[in-house]
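Student: one predicted model, sequence on top.
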Amino acid sequence: MQSQKPIGIFDSGIGGLTLASQISNLLPAENILYFGDTAHLPYGDKSTAAIQAYSVRISQFLLDRGVKAILIACNSASAAAYELVREYVGNKALVFNVIDSVVDHLATEYAGKKVGLIGTKQTVNSDIFGRKVAGTGAGIELKSLATPLLAPMIEEGFFNNKISLNIIEEYLRNPEFDQISSIILACTHYPLIAAQIDSYFEGKVDIVDSSRIVARQVQASLKEAGLLNTGTEGRREFFVSDYTAAFENATQIFFGGKVSLQHFPLWD
């Protein structure tokens, strides 16, 4: 049955595991097939053409394994490759990004307010959030800042410690973020440092965690399409383009036990 097919999720590394974990918690019956492109992380400093090539190749990998939906669990890839992936996939599977549902959330919850955003160079320089937020007509003043050290820092296991705190504080003391009402974590790695970001703002700024918002969107869209899995607990499969100990450790943190990583190089 179509509903029993897996949800395919991909990111350059461990960041997308925040989304995979949220979806697993929200939709425990769903089968998850996760691909971490660890051979090419981080995507944030790659060219648009390179990210598009990686994204299309991974999408084909997921389609070959019969997924019913593909979630681009990376803001950089969502900004650079979503339209291309959607065209490439066609009607073979649903395709989700991690931007549109967040923009809708901002328009509903923060109309007329000043909002901060941190993300990779690719995401910020594309101005995709700026254009989409402006298109809502919600009168949001968006202040975006590229924070290129954060994703590789997290990939290396440096989060919730003094090293990560010093780097976070150096970025967030930017005067552009004075008087913001909320801050968008526009990289799926960043929920891992959400507590430190919240501490910096002393709990006075709302932390917009895209993983929860996107997981709810996936649930609603699958339900609307009649594709929700009504079976028992789903299976979890993890593929990487290059084995890293950090990725294996992260999967164990998110999914509560040892997992089996399968190696699949994008190009032989």
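Tutor: That came through fine. Numbers count the residues shown, from 1 in each chain.
Student: check the offset of the helix or strand of the chain with the lowest mean pLDDT from the chain's centre.
Tutor: In the chain, no helix or strand scores lower on mean pLDDT, DSSP states H and E than helix 245-255, which sits at a mean of 78. How far helix 245-255 lies from its chain's middle: 16 Å, per CA atoms, centre = their mean, to the nearest Å.
Student: mind giving me the packing neighbours of that helix?
Tutor: helix 17-26, strand 236-240, strand 261-263 (3 or more CB pairs under 8 Å, 6 or more residues apart in numbering; DSSP states H and E). C-beta here means a position set from N, CA and C on the backbone, and glycine is covered the same way.
Student: helices and strands around the shortest one, which ones?
Tutor: In this case it means strand 261-263. Using 3+ CB pairs under 8 Å, 6+ apart, the elements in contact with strand 261-263 are strand 236-240, helix 245-255.
Student: now do 6 Å
Tutor: With contacts defined as 3 or more CB pairs under 6 Å, 6 or more residues apart in numbering; DSSP states H and E, strand 261-263 has these neighbours: strand 236-240.
Student: now the angle from the strand it packs on to helix 17-26?
Tutor: 170 degrees (axes from the mean of the first three to the mean of the last three CA atoms, to 10 degrees).
Student: could you dump strand 236-240 to PDB, C-alpha only?
Tutor: Coordinates of the C-alpha atoms in strand 236-240 are reproduced here as PDB (Å, rounded to 0.1, in the frame of the first residue of the first chain):
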ATOM      1  CA  ARG A 236      14.200   3.500  10.700                       C
ATOM      2  CA  GLU A 237      17.000   3.200   8.100                       C
ATOM      3  CA  PHE A 238      20.000   5.500   7.900                       C
ATOM      4  CA  PHE A 239      22.300   6.000   5.000                       C
ATOM      5  CA  VAL A 240      25.400   8.100   4.700                       C
END
